[in-house]
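# quick one, what's the 3D model for this:
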Amino acid sequence: MGSRQLYGSGAWVATFRRLRLALYLASLSLAFRATSAQTSFSSTDASRPTIRSTSELVIVPALVRSSSGEPLTHLQASDFRVSDNGIEQRVFVEQGRGQPLAVVVVMETGGVASSQLQNYSKLDKMIEETLGGSNRALALVTFDSRPDEIWGFPPLVDGLYYALTHQEGGDNGAAILDAVSCAIQLLEPQPPNFRHIILLLGQGQDHGSEGHAEDVLQLLGKNNTTVYNLMFSSENNAKRRRRGRHDSASSSVSAISNAIRTASAEQLAAQSGGESGTFSDQGELEKQLVTFADDIDNEYILSFTPSSRQFGLHTIVVQTDKAAPATITARKTYWLENTSKH
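Residues are numbered from 1 along each chain as shown. Model prediction:
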């Protein structure tokens, strides 16, 4: 859907928008069942793969920092060790800098977010400045107790930019899991050579989603999508983040799902290889967006074809001996689907 939903006021407009949303989500669900293709490449030169569409390739974004916090950007494929459920994989590597991006901004308007909307008055300019030099496509999903307004990668972004900066407060809900699921499905038909990014703006914990944490973990795990999360600064968010990190120490589906329920936004970012930050005003929001943009540029895009055909959740561990000691932020899990059932 490339055009803006109708603007207006009154109950009939809200009903109309909800109806269009229901029809749109139904069509996305049908498309999702029909195909779950991920990205892949083949190449005679391991350092310069050509990205193609297949269900095999697992994409692992990895940001490597030195002990002083500086990004390390000169590593080769041979410098990385990537294991899948404990089994080392043959890995390819690309530089993240300059790769085209498909970005969905997922913006909470309900709950405590209604008091934060003034911080988005220059969000269009912030996004243009941080992503303006890259080849990118942009979409928008707003949500309160459910996904509300959807802009699905319009060819012209003027209307979308207006929507970014002119939102009204929603109800008391914060359906993070439903909104992220919607965003993932928006990204699925985007070109496979584009990196798929979700920028999530809102509170830390889901409140009111109809979908389950296990379902979102599976959907995120089957798609090469990375979540970058910016939360409103609050003591409650800090407590949830600490509990979420403790809950996700185990790699079982139930433990990670519990962590997602406890600290929804941060755990979605962590499992996908993205990052989390907080902001309390417009200046901090802009600073965090610049940091995310720099980190996306400095990431390595690791990829491998799984040697194991075990269906379900897989745990990824990325290491490097070349740059020890180093801190690595990387995708933690993916989901291998049993395609024989379809």
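
# and the helices in the stretch 101-250 of the chain?
123-131, 158-165, 176-187, 213-221, 235-247 (DSSP state H, counting those that start in this stretch).

# tell me how many other residues crowd Phe292.
The local packing of Phe292 (other C-beta atoms under 10 Å) involves 21 other residues. (Glycine included, C-beta is placed from N, CA and C.)

# on that earlier part again, can you redo the helices of the stretch 101-250 of the chain as a markdown table with mean pLDDT, distance to Val290 and mean neighbour count?
Below are the helices of the stretch 101-250 of the chain laid out as a markdown table (pLDDT from 0 to 100; distance: least, C-beta to C-beta, whole Å; neighbours: other C-beta atoms under 10 Å):
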| stretch | mean pLDDT | distance to Val290 | mean neighbour count |
| --- | --- | --- | --- |
| helix 123-131 | 91 | 6 | 18 |
| helix 158-165 | 94 | 17 | 17 |
| helix 176-187 | 97 | 22 | 25 |
| helix 213-221 | 95 | 25 | 21 |
| helix 235-247 | 49 | 21 | 16 |
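
# figure out which of the ones you listed is closest to Pro325.
Nearest to Pro325, of all these, is helix 235-247, at 20.6 Å by C-beta to C-beta.

# thinking again about what came up before, can you redo the helices of the stretch 101-250 of the chain as CSV with distance to Asp148?
Converted to CSV, these look like this (distance: least, C-beta to C-beta, whole Å):
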stretch, distance to Asp148
helix 123-131, 17
helix 158-165, 11
helix 176-187, 9
helix 213-221, 18
helix 235-247, 22
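
# of the ones you listed, which approaches Pro147 most closely?
helix 176-187 (4.5 Å).

# residue ranges with poor pLDDT in the stretch 1-150 of the chain?
1-55, 133-134 (pLDDT under 70).

# who does the spatially most central residue of the chain bridge with?
Nearest to the mean C-alpha position of the chain, counting by C-alpha atoms, centre = their mean, stands Val227 at 2.2 Å. With beta bridges defined as DSSP bridges, Val227 has these partners: Ile198.

# from Ala270, how far off is it?
9 Å (C-beta to C-beta, to the nearest Å).

# Val58 too?
17 Å.

# quick one: contacts for the spatially closest residue to Asn119 that is not a sequence neighbour?
Leaving aside its sequence neighbours, Asn119 sits nearest to Gln282 (C-beta to C-beta, 6 or more residues apart in numbering; 4.7 Å). Applying C-beta atoms under 8 Å, 6 or more residues apart in numbering, one finds that Gln282 lies in contact with Gln118, Asn119, Ser121, Lys122.

# in PyMOL, select just the buried ones from those residues.
Those of those that count as buried under 16 or more other C-beta atoms under 10 Å are selected in PyMOL with:
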select buried, resi 119
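
# need the pLDDT of the residue nearest to Asn119.
On the pLDDT scale, Gln282 is placed at 95.

# distance of it from Val317?
For Gln282, the distance to Val317 equals 38 Å [C-beta to C-beta].

# likewise Ala102?
27 Å.

# how about the contacts made by Ala293?
Contacts of Ala293 (C-beta under 8 Å, 6+ apart): Thr130, Leu131.

# and the angle for the helix or strand that it is a member of with helix 123-131?
Using DSSP states H and E, Ala293 maps to helix 282-298. In terms of direction (axes from the mean of the first three to the mean of the last three C-alpha atoms, to 10 degrees), helix 282-298 departs from helix 123-131 by 30 degrees.

# after helix 282-298, next one along is what?
In N-to-C order, the element after helix 282-298 by DSSP H and E is strand 300-304.

# what packs against that following strand?
strand 58-66, strand 80-84, strand 92-95 (3 or more C-beta pairs under 8 Å, 6 or more residues apart in numbering; DSSP states H and E).

# closest to Gly211 out of the contacts of Gln282?
Among the contacts of Gln282, and counting by C-beta to C-beta, the member closest to Gly211 is Asn119, at 27.4 Å.

# residue contacts, that closest one?
Phe279, Asp281, Gln282, Leu285.

# surely the last one and Phe232 touch.
In this case it means Leu285. No. Contact criterion C-beta atoms under 8 Å: Leu285 and Phe232 do not qualify, at 9.9 Å.

# need the residues touching each of the two.
Shared contacts of Leu285 and Phe232, counting by C-beta under 8 Å, 6+ apart, come down to Phe279.

# excluding chain neighbours, what is closest to Asp294?
Per C-beta to C-beta, 6+ apart, closest to Asp294 is Pro71, 7.9 Å.

# show me the contacts for that neighbour.
Leu63, Val64, Arg65, Asp294, Asp295, Asn298.

# tell me the two of these that are most distant?
Val64 and Asp294 (13.7 Å).

# quick one, which of these two is more surrounded?
Val64 (24 against 14).

# just give me the neighbour total for the nearest residue to that one once chain neighbours are set aside.
Leaving out its chain neighbours, the residue that sits closest to Val64 by C-beta to C-beta, 6+ apart is Leu72, at 4.5 Å. Neighbour count for Leu72, taken as other C-beta under 10 Å: 18.

# how far away is Leu72 from Thr329?
Leu72 is 12 Å from Thr329, by C-beta to C-beta.

# any shared contact partners between the two?
Arg65.

# out of the contacts of Asn119, who's the most crowded?
Most surrounded of those: other C-beta under 10 Å gives Leu285, at 22 neighbours.

# contacting residues for that residue?
Asn119, Tyr120, Leu123, Met126, Leu230, Phe279.
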